[in-house]
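>>> please work out how this folds:
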Amino acid sequence: MRYINIGDLAIKIDLQEVNYEVIAMAKWDKDIRKYIAALYIKRYDIEQFDLMQAYAILTFHASRHNIKPTITHFVENEYRKGKLQYYIDRYEYYLKCFDKGNDYFENNGFQHRG
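This is a model prediction of the structure:
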């Protein structure tokens, strides 16, 4: 097996108003001399994060000293514009679907084999 570095940097950005966090993973691309980042969303109380497709490949012209505030500022702006709400709603929908499916299986005699 081999591994590939997908990030040199990982940060959490707190969306306090909605109990969600954005996780940013970024890596310096020496060929284009910029950071490439991907953003994920997760709810505070669940340790599973979901890729936000519209933010899967972002480039930032920043130094290693200011990449964290640069990404944080970008996320804050996107949140204030309402552009992250789709992903928050989608996450909540996934959770509701899981709960309904789990109830169905438990009520019909299926058991998890974990």
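
>>> alpha carbons only for contacts and neighbour counts from here, please
Noted.

>>> next, the buried residues of the helix or strand hosting residue 93.
For residue 93, the host element (DSSP states H and E) is helix 85-107. Residues 87-88, 91 are the ones in helix 85-107 that count as buried (16 or more other C-alpha atoms under 10 Å).

>>> now what about it, what contacts it?
20, 41-42, 50, 52, 79, 111 (C-alpha atoms under 8 Å, 6 or more residues apart in numbering).

>>> ranges for the strands of the chain?
In the chain, the strands defined using DSSP state E lie at 9-15, 20-29, 34-43, 50-51, 58-60.

>>> residue 12: neighbouring residues, count only.
Counted with other C-alpha atoms under 10 Å, residues neighbouring residue 12 total 17.

>>> circling back to that earlier point, any of the contacts of helix 85-107 buried? List them.
Taking 16+ other C-alpha under 10 Å as the criterion, what is buried in these is 20, 41-42, 50, 52.

>>> low pLDDT regions in this protein?
112-114 (pLDDT under 70).

>>> centre of the chain to stretch 27-44, how far?
Centre-to-centre, stretch 27-44 and its host chain are 11 Å apart (C-alpha atoms, centre = their mean, to the nearest Å).

>>> any idea how far apart the tips of it sit?
End-to-end distance for stretch 27-44, by C-alpha to C-alpha, to the nearest Å: 25 Å.

>>> follow-up on the earlier one: how about the buried residues of helix 85-107 in a markdown table, adding distance to residue 6?
Formatted as a markdown table, those follow (distance: C-alpha to C-alpha, whole Å):
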| residue | distance to residue 6 |
| --- | --- |
| 87 | 22 |
| 88 | 24 |
| 91 | 23 |
